[in-house]
Every structure is written in structure tokens, then in C-alpha cells.
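J.: attaching a predicted model along with its sequence, questions to come.
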Amino acid sequence: MLSIPASLKSDKVITGYALALDPDPNQEAFDDLDSLAQATAGKSNFAKCCASGLWLLHNFLDRSHAISQDIGTPEGSWWHAIMHRTEGDFSNSKYWYRRVGEHPAMAAMDEPFDRYEFVDRCQSDYRTGLLTAETQKMAFAEWEALFDFCVENS
């Protein structure tokens, strides 16, 4: 299983940066993220998905995208979908969600989760310029379910 530095999943990260719409990157995490990305090069797709998810959590969308777009698995498509939703490309996000299909990580979420309704909700928040606390909570629950699944399988 992949070892994740504690600094990359700290409470500060989760409450301060996680999956905001049109976000600024968390520059403090760059070196740890870059080291992890290098460590996952040549590893399993699950390990690469972990790196993509962590780049995404810290709002390095281009870095996350560069990894996820080259992973031809449901997990890679799911990270790709989240990245496009986070950047505000909602129709592209839905396209990548369709490529995911049904996924066992969705069962790990506490609340029922409709990906397409959630993209619409994010789009509404994006238009108002305010990411609600409930939307943020749902975004992180989704991120955590997928990330944990990828770590367990890495």
C-alpha cells in the first residue's frame, strides 16, 4: 500500500483547500506532492490515482489532469471528472463521470451520491461565486471515498 505523508492529508488541508471552485494551489504542499508523484512513476494505476487525487486536493489542477487523463481505468476517469468539475468545465466532467460507470467506492459514502446532480449543484455554486459548506462537504466525501479506495488497492 502507498505511504502518504501526513502533511498531505492534514486538517488544514481538508478545511482550507479541499476542492474549492476556481482554487489557488496550496504552494506549501508542492515539494511533498512532487516527491510523491515521482515515487508513483512506474507504479500501479492505483498509486498514480492517489497522486492525481492529492494534486487535486491541493488545487494543482494541471498536475492532477496530466496524471488522470493517462489512466484508462474507472478510477482515472473519476479523478478526471472531479478535476474538470473543480475547474468549472461541467459538461466535460459529466462526460468523464459517464466513463466511470458504477463504482464500489460510491458505497463508502455516507449519503446517496448522484454524480450528475452534484455537478449541477457545483455549477450553480460556481455561478453565484460561493461554494456552500454543504457542497464542500459532499466534494470532500467523494474525494475521500475514491482516495481511500485507491490507497487500499495501491
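T.: Received it, and whenever you're ready, just let me know what you need.
J.: okay, now Ala66: neighbour count?
T.: Per other C-beta atoms under 10 Å, the neighbour tally for Ala66 reads 14. Backbone N, C-alpha and C define where each C-beta goes, glycine included.
J.: what does Arg121 give?
T.: Neighbour tally, Arg121, other C-beta under 10 Å: 16.
J.: next: His80.
T.: There are 26 residues near His80, going by other C-beta under 10 Å.
J.: element containing it, please.
T.: In the assignment (DSSP states H and E), His80 maps to helix 74-87.
J.: buried sites along the helix or strand just after that helix?
T.: Sequence order places helix 90-100 as the next helix or strand after helix 74-87, per DSSP H and E. Using 16 or more other C-beta atoms under 10 Å as the test for burial, helix 90-100 gives 90, 92-94, 96-97, 100.
J.: which two of those residues have the greatest separation?
T.: Using C-beta to C-beta, the buried residues of helix 90-100 span at most 15.7 Å, a distance reached by Phe90 and Val100.
J.: what comes up buried for the helix ranked longest in the chain?
T.: In the chain, with assignment by DSSP state H, the single longest helix is helix 133-153. For helix 133-153, the neighbour count (16+ other C-beta under 10 Å) marks 135-136, 138-140, 142-147, 149-151, 153 as buried.
J.: rewinding a little: I'd like the buried residues of helix 90-100 as CSV, with pLDDT and distance to Asp120 appended.
T.: CSV is the format used below for the buried residues of helix 90-100 (pLDDT from 0 to 100; distance: C-beta to C-beta, whole Å):
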residue, pLDDT, distance to Asp120
Phe90, 93, 8
Asn92, 96, 14
Ser93, 95, 10
Lys94, 97, 9
Trp96, 97, 15
Tyr97, 96, 12
Val100, 95, 17
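J.: where does Gln27 fall, phi/psi-wise?
T.: Dihedral angles of Gln27 (phi, psi; degrees, to the nearest 10) stand at phi -60, psi -30.
J.: pLDDT score assigned to it?
T.: Here the pLDDT value assigned to Gln27 is 79.
J.: next, count neighbours for it.
T.: 10.
J.: let me know the helix or strand that the residue nearest the centre of the chain is in.
T.: Closest to where the C-alpha atoms of the chain average out (C-alpha atoms, centre = their mean) is Gly53, at 4.4 Å. Assigned by DSSP H and E, Gly53 belongs to helix 45-57.
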